[in-house]
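Peer 1: Need coordinates for the below:
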Amino acid sequence: MSAEFWWPEFCVEPRPRTRHSPASTAGYNFNSVISVVQLGQVDYGEGLRLQRKLIELRKAGRIGDVLLLLEHSPVITLGRNAKAANVLASPDVLATRGVEVFECDRGGDVTFHGPGQLVGYPIFDLRGHSSSQLSAVSSQLQPSSAVEPPPARRKTLGAVDYVRRLEEVLIRTCGDFGIPTKRVAGLTGVWTTSGNSEARVGTGAPARPGESKTRPAAESKIAAIGVHISRSVTSHGFALNVNTDLSYFNLIVPCGITARPVTSMQKELGRDVNLNEVAQAVSRHFGGVFGSQMLWVETIDALVGHVVGVPLKTPEAVRRLRGEDDLALG
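Peer 2: Predicted coordinates for the structure are as follows:
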C-alpha cells in the first residue's frame with residue numbers, strides 16, 4: 001500500500017510527476033464541462049459505492065468531471081484523522097435515533113450527515129484545472145485567513161487550493177441567500193457568526209446566563225469540508241447545512257472542535273430554505289469558481305460515454321423550479 005500524506009481536513013495520495021501541455025493549464029477554460037447529478041436521499045454506503053465507481057471511470061478517462069449533489073440518511077462518518085472519543089453517544093442511543101456509523105478515507109475528524117443537508121461529492125481530475133484561475137478567488141480571502149500561494153512552477157490545481165475553491169463556492173452560495181460567511185484562520189470549512197448564543201450545538205452544553213451580554217456570539221460552522229485525492233482525482237467533498245436537524249450534532253464533537261457551534265441556513269434565516277434552490281446556486285458557483293460549464297444529467301448511467309457532455313434534461317424538480325424545459329449551461 002502506498003504512503004499517504006494527510007492534512008487536518010483532507011488527504012492526498014502521492015502520484016508520479018507528469019508533464020502537461022500548455023493547453024491543459026490555460027486560465028478559465030469555459031470549454032470544460034462539469035456534469036451535475038442530483039440524486040435525492042441516498043444511504044451513505046450507497047454513496048460510497050457510487051463514488052468508487054465514478055473514481056474508477058474518471059481515472060480511466062471514460063467520464064469527465066462530475067459533481068454529485070445529494071442528501072444522506074442519518075449517519076456519522078469518521079475520517080482518517082477521527083478520534084473515537086468524539087462520538088459522544090452510545091451505540092444504543094445511535095440505534096434509537098436511526099443513525100449509522102461509517103469509517104471512510106476522507107481527511108478530517110467526525111461529522112454528521114442527514115436529511116436537509118446538501119452534500120456535494122466532486123469527482124474531479126485536478127490536472128484539468130489551472131492554478132491560474134485562483135487569482136479571482138484568492139482576492140476574496142479574509143485577511144486573517146491568508147493562504148500561501150502555490151509554487152510558481154505549479155500550473156495545475158493543488159490540494160490546498162482545491163479546498164479553498166470549495167470554500168469559495170459555499171461562501172458565494174450562502175451570500176445568495178443573504179447569509180454572510182467567511183473562512184476562519186487555521187480551520188477548514190465555512191463559518192458565520194450566529195446571533196443565537198443560548199446553546200452550543202455539538203457540545204451539549206447550554207450557554208451560561210448572560211453570556212450573550214458579556215461576549216460576542218461564537219463563529220458557527222455552516223459547512224464542513226473533507227476530501228480525498230488519489231492520483232489527482234478527488235472524492236468526498238462538502239456538507240452544507242440547509243434545513244438540517246442540528247440536534248444530531250449533539251451526538252458528536254463536530255470535526256473535533258468544541259469551541260464553536262454548528263448552524264444551518266434555516267437557523268440563520270429563521271425559515272425553511274428550498275434545497276433545490278440551494279443546489280442550483282451551488283452548481284452555478286462551481287461553474288464560476290472552477291471556470292466550467294455545468295451540465296445537469298438525470299442519472300449516473302447517462303455519464304458513461306459522455307466524457308465532455310451531451311445536453312440532456314435537468315431533474316424534473318429543478319426544471320419546474322427554473323420554469324424551463326431544456327438544459328441551460330452556466
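Peer 1: I'd say residue 167 and residue 225 touch.
Peer 2: Yes: shown here, residue 167 and residue 225 form a contact pair, counting by Cβ atoms under 8 Å, at 6.7 Å. Any C-beta I mention is one placed from the backbone N, CA and C, and that applies to glycine too.
Peer 1: what touches both of those two?
Peer 2: 188, 189, 190 (Cβ atoms under 8 Å, 6 or more residues apart in numbering).
Peer 1: Give me the subset of the residues you listed lying in strands.
Peer 2: Secondary structure from DSSP state E places residue 190 of these in strands.
Peer 1: Adding neighbour count and pLDDT, write the shared contacts of residue 167 and residue 225 out as a markdown table.
Peer 2: Output for the shared contacts of residue 167 and residue 225, formatted as a markdown table (neighbours: other Cβ atoms under 10 Å; pLDDT from 0 to 100):
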| residue | neighbour count | pLDDT |
| --- | --- | --- |
| 188 | 25 | 90 |
| 189 | 27 | 94 |
| 190 | 26 | 96 |
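Peer 1: Closest one of the shared contacts of residue 167 and residue 225 to residue 44?
Peer 2: The closest of the shared contacts of residue 167 and residue 225 to residue 44 turns out to be residue 189 (Cβ to Cβ; 19.5 Å).
Peer 1: List the contacts of that closest one.
Peer 2: By Cβ under 8 Å, 6+ apart, residue 189 lies in contact with 9, 167, 221, 223, 224, 225, 255.
Peer 1: Measure how buried the fifth one is and give me the count.
Peer 2: When counting by other Cβ atoms under 10 Å, one arrives at 26 neighbours for residue 224.
Peer 1: What of the second one?
Peer 2: Burial measure for residue 167: 24 neighbouring residues, criterion other Cβ under 10 Å.
Peer 1: that's a helix at it, yeah?
Peer 2: Yes: counting by DSSP: H, G, I helix; E, B strand; the rest coil, residue 167 is found in a helix.
Peer 1: State the distance from it to residue 293.
Peer 2: Distance of residue 167 to residue 293, given as Cβ to Cβ, to the nearest Å: 22 Å.
Peer 1: again with the third one
Peer 2: Separation of residue 221 from residue 293 (Cβ to Cβ) stands at 31 Å.
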